[in-house]
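In: after the sequence you'll find the predicted model.
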Amino acid sequence: MLKRIRVALAVLFFGAALLLFLDFTGLLQRWLGWVADVQFIPALLSLNLVVVVVAVAITFVFGRIYCSVICPLGIFQDVVSHLSTSRKKHRYMFKYRKERSLVRYGFLVLFIITLVAGIPAIFTLLEPYSAFGRIVSEIFAPLYRLVNNLFADIAQRADSYLFYSREVLFKGFAVLGISVVTLVVVTIFAWREGRGYCNTVCPVGTILGTISRFSLFRPVIDSSKCTKCKVCEKRCKSCAIDSDSHKIDMSRCVVCFDCLGNCKSDAISYRFRPYKLRPLKSTPVKREAEDSTGEISRRSFISLTALLASSAMLKAQKEKVDGGLAVIEQKRQPDRKVPVTPPGSGGYRRLSDHCTACQLCITSCPSDILRPSQSLDRFMQPYMTFENGYCRPECTRCSSLCPTGAIKKIDRAEKSAVHIGHAVWLEENCLVAKGSRCGNCVKHCPVGALSYTDGGIAVDESRCIGCGSCEYHCPSRPYSAIYVEGNQRHIVE
């Protein structure tokens, strides 16, 4: 019964997280944004203390329910592991392994250091929700759009508008490569070691695993009923059951309840059994290092909690018309001195300090103007480019979906008052300067920041909000005659 409830909830959360990244219409995202908000690290970075406290409390009471029910990357590993163990020869493929403490806590320390130091090229690779987001948005979302476009073409031939096509954009080899490598690594771990990735690399798994050591409810083995058949041990995807000593390592147990269903002698039960902390003075250091159950002292628990809390607080402070049959040369990105970032981010430096590069904003952008950065100082974090569209004043989708607060929630009125950049006019590229009566940029500026002058275009920077409409609508190729330069810090009226 417990396993069925856990599986049902996991399917609900995983399906919602998957649809959140795949839906390009924005209809489902209005209802599924909560899935991103309840993820542990994004909630920590946005100082969403309610989510953090609830996650910690649930872990302390019931164990690592978060990892087996809420985390989409963890549920993905369960799916892969289930496929692996469904083969007859590999039905009982797991066995108890000692905790890889050095590697496990090494990755956690690396994650915290790079998070505080602002090195997104590293900490964004380790954050599980962001890793899942990159896998879906870079690998599965393009395939999903291709299938959608196929149905749209078929529907159009049948004179139906049930589907409409969306352009499939290539965002760069670096981000795609990282996403493919992450998918391969996680899949191999899950295929061979079940939850090995969670209990070795994932920082959230280590954090919650530390808390789970002291959980009030836990699976317990009754030695008087146990026949030492080792079925529970061989079916445990966390490799956390030592059937010989009748002990379960709660720091690695994800409370999947598989062991309860596999034990034919009913020797395993999930019940109230709090862990008794050993007194600090009477706890030998040697015993703590050699404890086969992986139990740690109260001092270690407090130290890790304080380190995590302090690092989180520190981090928180810190349309297309060609007019005919001619081949039109594609636009190229201008060389911007300052990258343009979404309204609500405050500027690229603040965005870099809070963003975990989960790609949700990039995937959900209806104008397809957000791209993952290739620069190491903000690797895979979003920036704006206007070859395919511009930032429409009425759209606040990325703001409403960002789970970390890197893009703060703003409404339409607030967005219209944010200056994310300013237009720069290039006379040598402009058709107006060459005697043409183009004026596309002036006609399409939503705030009236552009005007005609003798032989050129004038920019009123006090009115320009940096939406990119002028750059997008400029017919000059390959570089626009007017482009948006980002503001170091966004200006709010």
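Out: That came in fine, so what should we check first? Numbers count the residues shown, from 1 in each chain.
In: let me see the ranges of the strands in the stretch 201-350 of the chain.
Out: Chain-ordered strands for the stretch 201-350 of the chain, with DSSP state E, counting those that start in this stretch as the definition, fall at 217-221, 241-242, 247-248, 268-272.
In: ranking those strands by burial, who's on top?
Out: Ranked by mean neighbour count under mean count of other C-beta atoms under 10 Å, the strands of the stretch 201-350 of the chain are led by strand 241-242, which reaches a mean of 24. In this view, the C-beta of every residue, glycine as well, is placed from N, C-alpha and C.
In: quick one: that one to chain centroid distance?
Out: Using C-alpha atoms, centre = their mean, to the nearest Å, the mean C-alpha position of strand 241-242 is found 32 Å from that of the whole chain.
In: tell me which of the strands of the stretch 201-350 of the chain lies nearest to Thr396.
Out: strand 217-221 (41.8 Å; C-beta to C-beta).
In: give the pairing partners of the closest one; include direction for each.
Out: strand 268-272 (antiparallel) (DSSP bridges).
In: closest one to His422 among the strands of the stretch 201-350 of the chain?
Out: Relative to His422, the nearest member of the strands of the stretch 201-350 of the chain by C-beta to C-beta is strand 217-221, separated by 57.6 Å.
In: which residues of the stretch 301-450 of the chain fall in helices?
Out: 348-354, 360-364, 397-401, 412-416, 440-444 (DSSP state H, counting those that start in this stretch).
In: now the closest residue in space to Arg332 that isn't next to it in sequence: which helix or strand?
Out: In space, and not counting its chain neighbours, Arg332 is closest to Pro478: 4.5 Å by C-beta to C-beta, 6 or more residues apart in numbering. Following DSSP states H and E, there is no helix or strand that holds Pro478.
In: correct me, but Pro478 touches Lys331?
Out: Yes. Under the criterion of C-beta atoms under 8 Å, Pro478 lies in contact with Lys331, with a separation of 6.0 Å.
In: tell me which of those two has more neighbours.
Out: Taking Pro478 and Lys331 together and counting by other C-beta atoms under 10 Å, Lys331 has the greater number of neighbours (19 against 11).
In: next, count neighbours for the nearest residue in space to that one that is not next to it in sequence.
Out: Spatial nearest neighbour of Lys331, chain neighbours left out: Glu387 (4.2 Å); criterion: C-beta to C-beta, 6+ apart. Other residues within reach of Glu387 by the criterion other C-beta under 10 Å amount to 19.
In: what's the neighbour count on Cys445?
Out: Residue neighbour count, defined by other C-beta under 10 Å, stands at 23 for Cys445.
In: quick one: residues contacting it.
Out: The neighbours of Cys445, taking C-beta atoms under 8 Å, 6 or more residues apart in numbering as the test, are Ser469, Cys470.
In: swap in Cys358?
Out: Neighbouring residues of Cys358 by C-beta under 8 Å, 6+ apart: Ala36, Pro42, Glu127, Tyr129, Ser130, Phe132, Gly133, Arg134, Pro403, Thr404.
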